Every structure is written in C-alpha cells, then in structure tokens.
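Undergrad: with the input below, show me the fold.
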Amino acid sequence: MRARKLSDLVDAARPDAVLDEILAIIHHVNPAFKDTAIIRLAFLETVRLYKGDFPGYRACNTEYHDLRHTTDTALTITRLIHGAILEGHHLDQRQIVLGLVTALFHDAGYIQKEEEFEGTGAKYTTTHVGRSIAFFEDCAPDLGLSSLEISDGRAMILFTNLSVPPEQIVFEASTGEFMGRMLGAADLLAQLSDRTYLEKLLFLYREFKEAGVGGYSGERHLLEQTVAFYDAVSQRIEATFDRADQYMLRHLTNRWNIRTNLYHKAIENQKQYLKQILEDPDTNHRNHFKRDGIVDIVRLKYGKPH
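TA: Numbering: from 1, shown residues only. Predicted coordinates for the structure are as follows:
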C-alpha cells in the first residue's frame with residue numbers, strides 16, 4: 001500500500017473541500033463550537049474576493065499568491081490549532097475564530113481595488129501586509145469581531161511579514177502572540193508543502209520582477225536562492241515561531257492515524273528534488289516541473305526562461 005502524501009488528505013484545489021475539512025477539524029476540537037458561521041462567512045467572502053465578486057475589488061491576478069495559497073494557509077493553521085489543543089494549550093473559541101479569519105485575510109493586500117488598473121497585485125509585494133490589515137479592519141465588524149480582537153488580528157497578520165521583528169509586535173491579549181506565531185508558521189508551511197511549490201516559483205519570479213524586489217536575474221537564480229530559503233524558513237519557524245510546526249504531527253496522528261509529519265516530508269522531498277535539478281548547470285529546469293500544467297502556462301504567457 002502506497003504511503004499517503006499530504007496532497008492525498010484533502011483536494012486543496014477545491015475550496016469547498018478545504019472548508020469542509022476546516023469545519024470537520026473544528027468539530028473535533030469542540031463539537032459544541034458556536035462560531036462556525038463566522039468561519040464559514042469569512043471563508044466564503046475570501047473566495048468571493050479572489051474570484052472578483054467582492055464589491056470594490058478586482059479578481060486576483062497574482063499567480064503565486066492566489067486563492068489556493070490562502071485556503072492552504074487557513075487549513076494549515078486549523079491543523080496546528082487542533083494539534084496545539086491536543087498538546088494541552090488552551091485556546092478559546094474566539095481565539096480560534098480570529099486565527100482563521102486572519103489566515104484567510106493575510107494576503108488580501110495583493111488584490112487590486114476596482115480603480116487600480118496598472119499591472120497586477122504583485123506590485124504591492126512590499127506593501128501587501130498593510131493593505132491586508134486594512135481589508136481585515138474593514139471586514140471585521142461585519143464578522144462580529146470586537147475592537148480588542150481587531151487589534152490582535154492586526155498584530156497576527158504582521159507575523160506574516162518577514163521584515164518585521166516579532167518583538168516589535170504588540171498584542172492586547174496574552175494568547176494573541178501564540179496564535180500570531182502559528183499564523184506565521186502556517187503561512188510558510190502552506191507555501192513550501194504545496195505539491196506545486198516548485199512549479200509556482202516560476203510565477204513568484206514574475207511577481208518579484210514586477211515589484212522590483214529580490215534582484216533575481218532569471219528563474220534559475222530564484223530557484224538557486226530557494227535552496228537557502230528552505231533553511232531560513234526552518235530557522236524562522238524554530239526560533240521566531242517557537243517551533244509551532246511541532247503541533248502538526250499530533251493533529252495528523254489524531255485525525256488521520258498518520259505518524260509522520262507530512263508537511264516536513266513534502267517540504268524535504270521538494271527541497272532534495274530542487275537540489276538535484278540544480279546540480280546540472282546546463283539543464284533546463286522547466287523540463288523537470290511536471291505538475292498541473294504550470295510550465296505550459298508559463299511558456300505560453302512569458303515565453304522561454306530568462
């Protein structure tokens with residue numbers, strides 16, 4: 001029997017399947033959970049936003065920071081929350097709701113407003129966190145969040161900004177920082193464990209190029225730097241986020257009877273595959289990326305590698 005992979009557990013390409021799994025995990029956390037309607041509403045509003053059905057906003061046009069990444073992040077933090085509670089951490093319903101809402105809105109800043117026509121949302125790469133916070137603040141009252149929850153939610157989203165020192169982030173509630181660290185970890189884990197992560201790096205290169213950040217000379221340059229980024233992420237999760245990924249194994253064991261951290265396994269497998277590709281300086285990296293037809297999309301839209 002083939003060992004299960006992370007991508008076997010939920011069809012991450014279907015937002016409805018992801019929402020069903022999130023709500024199923026919440027039920028495992030607390031069968032009497034009262035605020036699932038808020039989570040459902042925030043999730044559905046996020047889908048509307050990315051699809052271009054949210055008043056005042058255009059559809060998502062960033063191909064790396066897309067709806068799939070956002071729903072992956074929401075599912076990942078839900079799994080971490082479940083694992084943390086199984087490990088003895090006390091997180092009440094409102095804290096869980098806030099963690100889910102901020103996960104869903106953490107990249108909303110990439111979405112252009114209806115009057116923003118120049119380029120794509122990628123041009124907001126360096127400012128998207130502030131824009132995401134503004135979107136969260138606008139939507140929070142309709143979700144029934146209090147002023148204290150809005151303040152802590154703002155701080156939680158800041159944990160997804162790699163350039164903000166955690167010691168500068170201030171929370172109203174003592175448990176807010178714990179949830180913020182889990183959000184920061186979930187954001188990174190969701191990206192690197194995506195089965196199409198390597199393929200989507202070709203999209204990320206275009207986003208960075210439009211934003212004028214990174215100074216990458218081409219796709220391969222970004223891929224080469226990604227090898228070091230894996231190590232930087234591991235260090236950040238361990239040091240900055242207090243090893244928040246440790247709760248994943250407890251969740252997987254309880255929910256799926258899986259005793260391997262499938263996030264770590266997916267990330268390590270792709271890291272090793274990327275290193276193998278880069279060992280040959282003359283190879284065309286695109287020839288090694290086979291998943292979801294992404295290379296064909298890149299070729300048609302952007303042409304040959306550069």
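Undergrad: where does pLDDT dip in the stretch 101-250 of the chain?
TA: Per-residue confidence of the stretch 101-250 of the chain (counting by pLDDT under 70) places no residue in a weak region.
Undergrad: which residues of it fall in helices?
TA: 128-139, 147-158, 174-193, 197-211, 219-235, 247-256 (DSSP state H, counting those that start in this stretch).
Undergrad: most tightly packed of those helices?
TA: Of the helices of the stretch 101-250 of the chain, the one with the most neighbours on average (mean count of other C-beta atoms under 10 Å) is helix 174-193, at a mean of 24. C-beta here means a position set from N, CA and C on the backbone, and glycine is covered the same way.
Undergrad: what's the angle from it to helix 147-158?
TA: 30 degrees (axes from the mean of the first three to the mean of the last three C-alpha atoms, to 10 degrees).
Undergrad: which strands or helices does helix 174-193 pack on?
TA: In this structure, helix 174-193 packs against helix 67-86, helix 93-105, helix 147-158, helix 219-235, helix 262-278, with contacts taken as 3 or more C-beta pairs under 8 Å, 6 or more residues apart in numbering; DSSP states H and E.
Undergrad: closest to Ile294 out of the helices of the stretch 101-250 of the chain?
TA: helix 197-211 (3.8 Å; C-beta to C-beta).
Undergrad: between the helices of the stretch 101-250 of the chain, which one is nearest to Glu21?
TA: Taking the helices of the stretch 101-250 of the chain one by one with C-beta to C-beta, helix 247-256 is closest: 9.1 Å.
Undergrad: ok and the closest one relative to helix 174-193, angle-wise?
TA: Helix 247-256 and helix 174-193 meet at an angle of 80 degrees, taking the same axes, to 10 degrees as the criterion.
Undergrad: now do helix 247-256: distance to the chain's middle.
TA: Using C-alpha atoms, centre = their mean, to the nearest Å, we find the averaged C-alpha position of helix 247-256 to lie 19 Å away from the chain's own average C-alpha position.
Undergrad: and Val213, how many residues sit next to it?
TA: Look at Val213: counted by other C-beta atoms under 10 Å, it has 12 neighbours.
Undergrad: what separates it from Asp292, distance-wise?
TA: Applying C-beta to C-beta, to the nearest Å, one obtains 26 Å for the distance of Val213 from Asp292.
Undergrad: next: Arg154.
TA: Remark: distance between Arg154 and Asp292 (C-beta to C-beta) = 34 Å.
Undergrad: do Glu21 as well
TA: In this structure, Glu21 and Asp292 are separated by 20 Å, where distance is defined by C-beta to C-beta.
Undergrad: of these two, who's got more company?
TA: Higher neighbour count among Glu21 and Asp292: Glu21, with 20 against 13, using other C-beta under 10 Å.
Undergrad: which residues touch that one?
TA: Listed by C-beta atoms under 8 Å, 6 or more residues apart in numbering, the contact set of Glu21 reads Leu9, Val10, Leu75, Thr78.
Undergrad: leaving out chain neighbours, which residue sits closest to Arg58?
TA: Nearest-residue entry for Arg58: Gln112, 4.6 Å, with adjacent residues in sequence omitted and distances by C-beta to C-beta, 6 or more residues apart in numbering.
Undergrad: that neighbour reaches Ala122, doesn't it?
TA: No: here Gln112 lies out of contact with Ala122, judged by C-beta atoms under 8 Å, at a distance of 10.0 Å.
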